[in-house]
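Asker: Structure, please.
(one chain, ligands or ions: 1)
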Amino acid sequence: MNPVIIGNAELWLGDCLEILPTLPKVDAVIADPPYGIGYSPSGGGKGAFGKPVYKRFTGVDVVRGDDKPFDPEPFILIAPKVILWGANHYAPRLPASACWLIWDKREAESTLKFADCEMAWTNLPGQARIFRHLWNGVAKASESGEPRVHPTQKPIALMTWCLKQAGNPASVLDPFMGSGTLGIAAAQAGCAYTGIEIDAHHFETACERIENAQRQQRMFA
Ligand SMILES: C[S@@+](CC[C@H](N)C(=O)[O-])C[C@H]1O[C@@H](n2cnc3c(N)ncnc32)[C@H](O)[C@@H]1O
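Answerer: All right, here's what the predicted structure looks like:
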């Protein structure tokens, strides 16, 4: 199987556990894996006025692999810099680290329907860090008015911050690409990007978003 090449991005459709051993080493791995929590954006229920919670999201509404515990072991030693999101859900299977990253998704001190924050384990030197960036349905500190294209889509700004925390690497690998959010941040930062996604629908979305981001970078270069 061959990857799709878009500028300095290499995008693979398939299972990261099969593809990873065939890839060259990179400076950093930033992963947003299935956390193993059986996430569903609608929670199987209805939102306000009886409508599905994320009615504009038309793709696959569950995360592949999220129905079983996530095993971080294959990713811990994979690169000099590693950031693993959702790590509070599988912390007992990780080495100790002083440098956890916290994404505070709230407005001020309000409490959200879902978790108030997300947590990433890292092997980075230094201390724990917080990124404050509202991300609650339509109330968003960035990308406002843009439709959600993945059930657990992260802000591009969060991934830009992660690249900075990892010391602005020249190359980054994303084994659980989803809609390609890290690929967009990498395109904007001029960082070579390798992404892997198992779901064909999300893979197509990622290709499209990363191609658009690369085009915009060329236009403003
Ligand atoms: C939490 S989501 C990532 C969302 C992404 N950060 C975004 O902003 O769109 C995890 C993704 O990993 C994919 N996935 C699950 N198991 C995989 C595997 N073994 N190999 C590659 N991708 C996988 C899922 O289909 C899902 O799109």
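
Asker: If you tally nearby residues, what's the number for the residue nearest to Pro74 when sequence neighbours are not counted?
Answerer: Nearest residue to Pro74, sequence neighbours excluded (Cβ to Cβ, 6 or more residues apart in numbering): Leu17, at 6.4 Å. In short, each C-beta sits where N, CA and C put it, glycine included. Counted with other Cβ atoms under 10 Å, the neighbours of Leu17 add up to 13.

Asker: mind checking which helix or strand Leu17 is in?
Answerer: Per DSSP states H and E, Leu17 falls inside helix 16-19.

Asker: same deal with Leu158?
Answerer: Using DSSP H and E, Leu158 falls within helix 156-165.

Asker: Excluding sequence neighbours, find me the nearest residue to the most centrally placed residue in the chain.
Answerer: Centroid check for the chain by Cα atoms, centre = their mean gives Asp32 as the closest residue, at 4.1 Å. Among residues not flanking Asp32 along the chain, Trp85 sits closest, at 4.3 Å (Cβ to Cβ, 6+ apart).

Asker: what's the answer for Trp103, then?
Answerer: Of all residues not flanking Trp103 in the chain, Glu118 sits nearest, at 4.6 Å (Cβ to Cβ, 6+ apart).

Asker: List the pairing partners of the helix or strand where the one you found lies within its sheet, with orientation.
Answerer: Assessed by DSSP H and E, Glu118 sits inside strand 117-122. According to DSSP bridges, strand 117-122 forms sheet pairs with strand 81-85 (antiparallel), strand 101-104 (antiparallel).

Asker: check contacts around the residue nearest to Asp32.
Answerer: Ala31, Asp32, Pro33, Tyr35, Glu118, Met119, Ala120, Lys154 (Cβ atoms under 8 Å, 6 or more residues apart in numbering).

Asker: and the residue of the chain found nearest the ligand, how many neighbours?
Answerer: Of all residues in the chain, Gly178 sits closest to the ligand, at 2.5 Å by Cβ to the nearest ligand atom. Counted by other Cβ under 10 Å, the residues lying close to Gly178 total 26.

Asker: Could you check how far the closest residue to it other than its chain neighbours is from Ser179?
Answerer: Nearest non-adjacent residue to Gly178, counting by Cβ to Cβ, 6+ apart: His150, 4.8 Å away. According to Cβ to Cβ, to the nearest Å, His150 and Ser179 sit 4 Å apart.

Asker: list the residues that contact both of those two?
Answerer: Common contact partners of His150 and Ser179 (Cβ under 8 Å, 6+ apart): His202, Thr205.

Asker: max-length helix in the protein?
Answerer: Among all segments of the chain classified by DSSP state H, the helix with the greatest residue count is helix 200-219.

Asker: From the contact counts, what lies against that helix?
Answerer: strand 4-6, strand 9-13, helix 181-189, strand 192-197 (3 or more Cβ pairs under 8 Å, 6 or more residues apart in numbering; DSSP states H and E).

Asker: Count the neighbours of the closest residue in space to Ala87 that isn't next to it in sequence for me.
Answerer: Once flanking residues are discounted, Ala87 sits nearest to Trp121: 3.6 Å by Cβ to Cβ, 6+ apart. Taking other Cβ under 10 Å as the criterion, the count of residues near Trp121 is 25.
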